[in-house]
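Sequence isn't available, so here's the structure alone:
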């Protein structure tokens, strides 16, 4: 007798964790994970245990959204204290590595341009055989990590988990500051485990009940089982008709996530979308994606563009993934190709600027992506031109147009554009907000404040449009949708600088007679 088919409920989240914290690019590699654990997670948990009232009050203040405050009730102090104690044991190796790295790097900065050979004798045991010491051309000493050797060192792979929860997309605690200590079930398994595909498929097509019982580790009929599963098949949206030859269907899913479909190719860019449909923020959701995605394209490693949560659950239906090449061995610039291997992806290509990937009816071209990374030496970021069925779409994402001559050169290289997608999340957070735990020495406050995670403002954006001359410009990736608030930490007011600059840009376009619009929530059209 065949087993009953069971489905995951629509709102169920399968959130990847690294020892209780939302998995993102700087937690997958063991060095970055150790630095964030030692210099972000542990201090914030100690602060909460010592004075939970401060955290509770701060989390009620929208002006402090994205700040270093744990978004849990004071009654969770025992739970956080227990997790703090567990962290000291489970993460001891990566925290030792992180502290050794900081101490050694601080000492290395005293090198005066002479040979670094004798410095190898001072390497701590945790770093021996894992690094190369070198100078840049201005005699600044640096440490290059052998990422391939770190991957196989067993340092943090055992800390990979999946949290299965029914928490809403809206109001999820900010990923940098709040550990995930509540959920119907937490699975201790590798991200590459095929069980992830079983769970992801069960959203749409279900699975035999016995398979889901084994995957979830839950007994059928229990309270947690009933909260997560149903025997009723989901009501899926009617499939969209295939585009005809020469047509491209464009679907905007919110934030920076855009789907391009032609008669022969399907391309999904920067997948970060909602699990549930709700208006006005998410009239389309994960269920509105096609069954097959020929290409996933990732612009850069920031958490709202490179989302392990989404990538894990798209793995079973994805073809090739295109990412930018990294500055291999840099703490600030971990390889996305290696991270995707940890997530179970095998077909990944890292593109250098101006390299392209041929499609059946077009190509995907990697282009420079200046700014937005606080002046750090980060290679792994790309703007992308997608040529599909004779149409041309340029995604500048969060680029900061610090050198307008670049766009003259890009225009000369790529020619006419049908649609330009431009991020304008200007006035971004200072360097330390995201990269602080990676710094061996804190920056002086004035330097930190001057180096921000910012995209173009209105004046820069209008000059970009003047040079590229797109037929249509869309402002996107503003972080306004509530389903990405746990990733962006943004709480805009009407007078927020980002919204002021976006409105000013749209007015300038209108005055020039150029077609431009803001994207928010979701939209579908044919190009």
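In hand now; what should we look at? Please read these numbers as outputs of a predicted model, since none were measured by experiment.

Pull out the buried positions in stretch 238-255.
243, 247, 248, 249, 250, 251, 252, 253, 254, 255 (16 or more other CB atoms under 10 Å). Using the backbone N, CA and C atoms, a C-beta is placed for each residue, glycine as well.

In strands only, show me those residues.
In strands, defined here by DSSP state E, the members of those are 249, 250, 251, 252, 253, 254.

Run through this protein and note the low-pLDDT ranges.
Residues of the chain meeting the criterion pLDDT under 70: 1-2.

how is it carved up into domains?
1-91+156-235, 249-526 (automatic domain parsing).

Figure out which of those is closest to residue 150.
Evaluated with CB to CB, these place domain 1-91+156-235 nearest to residue 150, the distance being 5.5 Å.

And the buried residues of stretch 238-255, which two are furthest apart?
Pairwise across those, and taking CB to CB, the largest span is found between 247 and 255, at 25.0 Å.

Nearest to residue 147, out of the domains of the chain?
domain 249-526 (5.5 Å).

just to revisit the earlier point, can you list the buried residues of stretch 238-255 in JSON lines and add distance to residue 47?
Output for the buried residues of stretch 238-255, formatted as JSON lines (distance: CB to CB, whole Å):
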{"residue": "243", "distance to residue 47": "53"}
{"residue": "247", "distance to residue 47": "55"}
{"residue": "248", "distance to residue 47": "50"}
{"residue": "249", "distance to residue 47": "49"}
{"residue": "250", "distance to residue 47": "45"}
{"residue": "251", "distance to residue 47": "42"}
{"residue": "252", "distance to residue 47": "39"}
{"residue": "253", "distance to residue 47": "36"}
{"residue": "254", "distance to residue 47": "33"}
{"residue": "255", "distance to residue 47": "30"}
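
between those, which is closest to residue 272?
Using CB to CB, these come closest to residue 272 at residue 255, 5.4 Å.

how close does that closest one get to residue 118?
Here residue 255 is placed at a distance of 50 Å from residue 118 (CB to CB, to the nearest Å).

host element of residue 32?
Residue 32 is part of helix 30-36 when elements are defined by DSSP states H and E.

I'd like to know which elements that helix is packed against.
Helix 30-36 is packed against helix 25-28, helix 92-108, with contacts defined by 3 or more CB pairs under 8 Å, 6 or more residues apart in numbering; DSSP states H and E.

Report all helices and strands that the first one contacts.
So the one you mean is helix 25-28. Using 3+ CB pairs under 8 Å, 6+ apart, helix 25-28 sits against helix 30-36, helix 336-342.

Contacts for it next, please.
Contacts with helix 25-28, where a contact means CB atoms under 8 Å, 6 or more residues apart in numbering, come from 18, 21, 32-33, 35-36, 301-303, 306, 308, 334, 336, 339, 342-343, 434, 437-438.

Emit the ChimeraX select command for whichever of these are buried.
A single ChimeraX command is used to select the members of the contacts of helix 25-28 judged buried by 16+ other CB under 10 Å:
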select :18,21,32,33,35,36,301,302,303,306,308,334,336,339,342,343,434,437,438
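
and residue 289, how many residues sit next to it?
Residues lying near residue 289 (other CB atoms under 10 Å) number 21.

just to revisit the earlier point, list the helices and strands the very next helix or strand once past the helix holding residue 32 packs on?
Heading C-terminal from helix 30-36, the first helix or strand you meet, by DSSP H and E, is helix 42-50. Contacts defined by 3+ CB pairs under 8 Å, 6+ apart place helix 42-50 against helix 52-59, helix 77-90.

which stretch among the ones you listed comes nearest residue 470?
It is, among those and with distance given as CB to CB, helix 52-59, at 40.8 Å.

Pull out the buried positions in that closest one.
Quick answer for helix 52-59 (16+ other CB under 10 Å): 52, 55, 56, 58, 59.

what's the answer for stretch 200-209, then?
200, 201, 202, 203, 204, 206, 207, 209.

for that stretch, how far is the first residue from the last?
14 Å (CA to CA, to the nearest Å).

residues making contact with that stretch?
With CB under 8 Å, 6+ apart as the criterion, stretch 200-209 contacts 2-8, 10, 12, 14, 198, 212, 215, 220, 229, 233-234, 236, 286-287, 312-316.

picking that back up, could I get the buried residues of stretch 200-209 as a markdown table with secondary structure?
Listed next are the buried residues of stretch 200-209 as a markdown table, based on DSSP: H, G, I helix; E, B strand; the rest coil:
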| residue | secondary structure |
| --- | --- |
| 200 | helix |
| 201 | helix |
| 202 | helix |
| 203 | coil |
| 204 | coil |
| 206 | coil |
| 207 | strand |
| 209 | helix |
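
Would you map the helices across the stretch 251-400 of the chain?
Ranges of helices within the stretch 251-400 of the chain are 308-314, 336-342, based on DSSP state H, counting those that start in this stretch.

Out of these, which is closest to residue 114?
helix 336-342 (33.0 Å).

Packing partners of that closest one?
The helices and strands touching helix 336-342, judged by 3+ CB pairs under 8 Å, 6+ apart, are helix 25-28, helix 147-151, strand 318-324, strand 348-351.

thinking again about what came up before, save the helices and strands packed on helix 30-36 as CSV, and put in distance to residue 132 too.
What follows is the helices and strands packed on helix 30-36, written out as CSV (distance: least, CB to CB, whole Å):
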stretch, distance to residue 132
helix 25-28, 21
helix 92-108, 12
